[in-house]
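**Student:** Predicted model and sequence follow; I will ask about them next.
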Amino acid sequence: MKIAVTHENGQIFQHFGHTEQFKIYTAENGKIINSKVIDTNGSGHGALAGLLSSLCVDALICGGIGGGAQTALSEAGIKLYGGVSGDCDAAVEALLGGTLGFNPNVKCDHHDHHGEGHTCGNRGCGHNCH
C-alpha cells in the first residue's frame, strides 16, 4: 500500500492544492517499510491527483481540499483522509493502526481545524470553494 501525505517540515500541509511536497510511504502488513519526500514541481489542484496516480498511491492524508481535487482523487481510485493535522509520520501510523481521526466531509472552506479560521477564498487559492 502506498500512502501520500501533504508535507511541510514534517507536518501535514493544510492546503492540498498548494502543497509543494508529498511524503510517500510504502506499507506492508500494517507497517511502514519505506518513505520518501517528493516535490510536486509546481503542480496544483487537479494535476496533483494525476501525480499521485502516476506514483500508484492508494490513499492520501491531507488537511483542507476542494471539491474538484476530491473528485479527481476519487476518479483516480485514491482514498481520501482529509481534515487531518499534525505530524505526517504519526498520521500514517494512526491510519495503519485504524485510529486516524479524519473528516470524511472535509471541504476547502472549512480550514478551522488548524486554528486560523480562514476560508480558502481569502487565502488566494484562486478558485471558488463554496
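**Tutor:** Alright, I've got the coordinates.
**Student:** And for the helix or strand of the chain at the bottom of the mean pLDDT ranking, what's in contact with it?
**Tutor:** Lowest on mean pLDDT, DSSP states H and E among the helices and strands of the chain sits helix 46-54, with a mean of 89. Applying Cβ atoms under 8 Å, 6 or more residues apart in numbering, the contact partners of helix 46-54 are 4, 16-17, 19, 22, 40, 43, 60, 68-69, 72-73, 75-78. For every residue, glycine as well, the C-beta is placed using N, CA and C.
**Student:** Just the buried residues from those residues, in PyMOL please.
**Tutor:** Command for PyMOL, covering only those of the contacts of helix 46-54 found buried under the criterion 16 or more other Cβ atoms under 10 Å:
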select buried, resi 4+16+17+19+22+40+43+60+69+72+73+78
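**Student:** among the contacts of helix 46-54, which are in helices?
**Tutor:** 68-69, 72-73, 75 (DSSP state H).
**Student:** Glu28 and Val92, how far apart?
**Tutor:** According to Cβ to Cβ, to the nearest Å, Glu28 and Val92 sit 13 Å apart.
**Student:** Looking at those two, which is more packed in?
**Tutor:** Legend: neighbour count by other Cβ atoms under 10 Å for Glu28 and Val92, higher for Val92 (22 against 9).
**Student:** and the strand or helix carrying the more buried one, what does it pack onto?
**Tutor:** Assigned by DSSP states H and E, Val92 falls within helix 88-97. Judged by 3 or more Cβ pairs under 8 Å, 6 or more residues apart in numbering; DSSP states H and E, helix 88-97 is in contact with strand 2-8, strand 11-12, strand 21-28, strand 31-39, strand 59-61.
**Student:** Give the rounded mean pLDDT of it.
**Tutor:** Summarised as a single mean, pLDDT over helix 88-97 is 97.
**Student:** where does Ser85 fall, helix, sheet strand or coil?
**Tutor:** coil (DSSP: H, G, I helix; E, B strand; the rest coil).
**Student:** Report whether the expected contact of it with His15 is present.
**Tutor:** No - look at Ser85 against His15 with Cβ atoms under 8 Å: they stay out of range, at 11.7 Å.
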